[in-house]
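K.L.:
with the sequence up front, the predicted model follows.
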Amino acid sequence: MNAAFSSAMLWPGVTLIAYLIGREIQRRLRGAPLANPVLIAIALVAGLLLATRTPYAIYFAGAQPIHLLLGPATVALAVPLARNLHHIAKSFSALALALIAGGVTAMGSAVLIVFAFGASHQIGMTIAPKSVTTPIAMGLAQEIGGLPALTTVMVIASGIVAASVGPSLFRLMKISDWRAEGLAAGVAGGGIGSATIAVRNGLAGAFAAVGMGLNGVLTTLLAPLAPLIWK
Amino acid sequence: MSHRIWSATDIPTGFAILVGFNVAGDLISYLSPVKAPGAVIGMVLLTLVLAVRRQTQTRFEEEAALPSKLDRVADAVIANMGLMFIPAGVGVVAQLALVSANLAALVVAVIISTIAALMVTGWVFTTVEKGRQAHSATEGER
C-alpha cells in the first residue's frame, strides 16, 4: 500500500452504523431494556477496533464530531426539566426530601460498596455519578478523577437495573403512586429509567424528568465529597 | 397546539441557544470555583430562564409560542442522545483489565445501590405526601 486510505467520516460513519444496528436489535427484541442500543454499539465498535488493531485514541479522535454534541445535548435536558417543573410546586416537600434521600443513597451506597470491596479511589470516583444521566455523569467522572468511559457503562447498567426491577419493586413495596415511581426511576435510573417509565405513564414520565434533572444538579454538588472516603 | 409549521430552518436557532448556554456554562465553570461541568451549569441556567419565561408568559403567548424552535431541537437531540455516548463509551476497551479486576465490586454496587435508591426515593415521597394529605384533610375539617 502506498497512500493509506483516509476519510474524516470513517469513524463517525462506523459509530452511526453501530448505533443503527443496536437500535434494530432492540426493536426486534421488542424493546427489551437489556438489549440496550448504546451497549450493543459500544461492543460492536470495540470489537472492530480490536479486530483491526486500531488504537482507541485514533478512533476517539475520528469520532469527535459525534462526541462534541454531548455538551449541547446536556444543556437540552433543561427543556423537559423546565416543562415539568410546575409539578414541583404541588408536592414540593415530598419531592425535595425524596430527591435528596434518593440521590445521596444512590451515590453514597455505590461508593461505600466498592470501598468495602477494597477498590481503588479511581474506581470509586468512576461509580459515584452512576445514577445520574450519562452526559452529566461523564463530565462529573472527569471532574473528580474517575474514568468517564467506564462511568458510561455503569450509568447504562444502572438504568437497565432500574427499568427491569422497578415495577416489581414498587408492587412489592405496595406503592401505587405514579409520581413516586416516576421520581424514583429518574433519580436511580437516569435516562434509561426515565424513558422506560415515560412510556408507561405520562405523569410518571414528568416526575422522572424532574428527578433526573435535579439529581444531576444534586450529584454535581455532592460529588466533590466522594473522594473524602478514601482519605 | 402550535399554529406554526415546523421547519428545518429552525434547527440553527434552537442549536445556537443550546451551544450558547453551553459556552456560558464553560465560562462560569472556568471563572468560578464551582467544580461542575460547564454543560451542567448551562443546563441549570437554561432551566431558570425557561422557568421564568413560563411564569411571565400570558396564556395566549404560551399557546402561540409552543412548541418553540428550542423545544423541537432539544427533543430531537435528547431522543438521539444515545449515539453521542458511543465514542467515549468505547473507551472501556482500554480499561478491560481494570474492569475484570473489579468486576464483583462494580456489579454488586450497581445492582444494590440502584435498588436502594429506587426504594428510598419511592418510600420518602409517598410517606411525606401521605403526611401532608392527612394534615391538609384535618385542616379542611376545621
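P.N.:
That came in fine, so what should we check first? As the structure is a prediction and not an experimental result, all values here were calculated from the model. Numbers count the residues shown, from 1 in each chain, chains lettered A, B, ... in the order given.
K.L.:
outline the domain layout of chain B.
P.N.:
Per the record, chain B has its domains at B:1-79, B:91-142, by automatic domain parsing.
K.L.:
for the closest residue to A:Met154 other than its chain neighbours, list the residues it contacts.
P.N.:
Once flanking residues are discounted, A:Met154 sits nearest to A:Lys130: 4.2 Å by CB to CB, 6 or more residues apart in numbering or on different chains. In this view, the C-beta of every residue, glycine as well, is placed from N, C-alpha and C. Taking CB atoms under 8 Å, 6 or more residues apart in numbering or on different chains, we find A:Lys130 in contact with A:106-107, A:110, A:137, A:151, A:154-155, A:157-158, B:109-110, B:113-114.
K.L.:
pLDDT on the longest helix anywhere in chain B, on average?
P.N.:
Scanning chain B for the longest helix, with DSSP state H as the assignment, gives helix B:103-141. For helix B:103-141, mean pLDDT rounds to 88.
K.L.:
with stretch A:109-121 instead?
P.N.:
On average, stretch A:109-121 scores 93.
K.L.:
and what of stretch A:135-142?
P.N.:
When pLDDT is averaged over stretch A:135-142, the result is 89.
K.L.:
okay, that stretch in PDB with CA atoms only?
P.N.:
Output of stretch A:135-142 as PDB, limited to C-alpha atoms (Å, rounded to 0.1, in the frame of the first residue of the first chain):
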ATOM      1  CA  PRO A 135     -23.700  13.200  29.800                       C
ATOM      2  CA  ILE A 136     -23.600  14.700  33.300                       C
ATOM      3  CA  ALA A 137     -22.100  11.600  34.800                       C
ATOM      4  CA  MET A 138     -19.300  11.600  32.300                       C
ATOM      5  CA  GLY A 139     -18.500  15.200  33.000                       C
ATOM      6  CA  LEU A 140     -18.500  14.600  36.700                       C
ATOM      7  CA  ALA A 141     -16.300  11.500  36.500                       C
ATOM      8  CA  GLN A 142     -13.800  13.600  34.500                       C
END
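K.L.:
quick one: it near chain B?
P.N.:
Yes. Using CB under 8 Å from any CB of the partner chain, stretch A:135-142 reaches chain B at A:135-136, A:138-140, A:142.
K.L.:
which parts of the helix-or-strand element of chain A with minimal mean pLDDT are buried?
P.N.:
Within chain A, judged by mean pLDDT, DSSP states H and E, the helix or strand with the poorest mean is helix A:86-90; its value is a mean of 80. Residues of helix A:86-90 classed as buried: A:87-88 (neighbour count, 16 or more other CB atoms under 10 Å in any protein chain shown).
K.L.:
cool, and stretch A:49-67?
P.N.:
Buried residues in stretch A:49-67 (16+ other CB under 10 Å): A:49, A:54, A:56, A:59-60, A:62-63, A:66-67.
K.L.:
out of the residues you listed, who's near chain B?
P.N.:
Restricting the buried residues of stretch A:49-67 to those near chain B - CB under 8 Å from any CB - leaves A:49, A:56, A:59-60, A:63, A:66-67.
K.L.:
name the nearest of those residues relative to B:Thr47.
P.N.:
A:His67 (23.9 Å; CB to CB).
K.L.:
OK, contacts around the closest one?
P.N.:
A:His67 neighbours (CB under 8 Å, 6+ apart): A:60, B:84, B:87-88.
K.L.:
now, those that are in helices?
P.N.:
A:60, B:84, B:87-88.
K.L.:
farthest-separated two in these?
P.N.:
Between any two of those (CB to CB), the greatest distance is 13.1 Å, for A:Phe60 and B:Met84.
K.L.:
pull the helix or strand with minimum mean pLDDT from chain B.
P.N.:
For chain B, judged by mean pLDDT, DSSP H and E, that is helix B:59-65, with a mean of 57.
K.L.:
from the contact counts, what lies against the next helix or strand after it?
P.N.:
Next along the chain after helix B:59-65, taking DSSP states H and E as the criterion, comes helix B:69-79. In this structure, helix B:69-79 packs against helix A:70-76, helix A:78-84, helix B:11-31, with contacts taken as 3 or more CB pairs under 8 Å, 6 or more residues apart in numbering or on different chains; DSSP states H and E.
K.L.:
and the very next helix or strand once past the last one, which residues are buried?
P.N.:
Think helix B:11-31. Remark: after helix B:11-31, the chain's next helix or strand is helix B:38-56, criterion DSSP H and E. Neighbour-count burial for helix B:38-56 flags B:38-47, B:50-51 (criterion: 16+ other CB under 10 Å).
K.L.:
and the residues you listed as JSON lines, adding pLDDT and distance to chain A?
P.N.:
Converted to JSON lines, those look like this (pLDDT from 0 to 100; distance: CB to the nearest CB, whole Å):
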{"residue": "B:Gly38", "pLDDT": "88", "distance to chain A": "7"}
{"residue": "B:Ala39", "pLDDT": "89", "distance to chain A": "4"}
{"residue": "B:Val40", "pLDDT": "85", "distance to chain A": "5"}
{"residue": "B:Ile41", "pLDDT": "90", "distance to chain A": "9"}
{"residue": "B:Gly42", "pLDDT": "93", "distance to chain A": "4"}
{"residue": "B:Met43", "pLDDT": "90", "distance to chain A": "5"}
{"residue": "B:Val44", "pLDDT": "90", "distance to chain A": "6"}
{"residue": "B:Leu45", "pLDDT": "94", "distance to chain A": "8"}
{"residue": "B:Leu46", "pLDDT": "94", "distance to chain A": "4"}
{"residue": "B:Thr47", "pLDDT": "92", "distance to chain A": "4"}
{"residue": "B:Leu50", "pLDDT": "91", "distance to chain A": "4"}
{"residue": "B:Ala51", "pLDDT": "89", "distance to chain A": "5"}
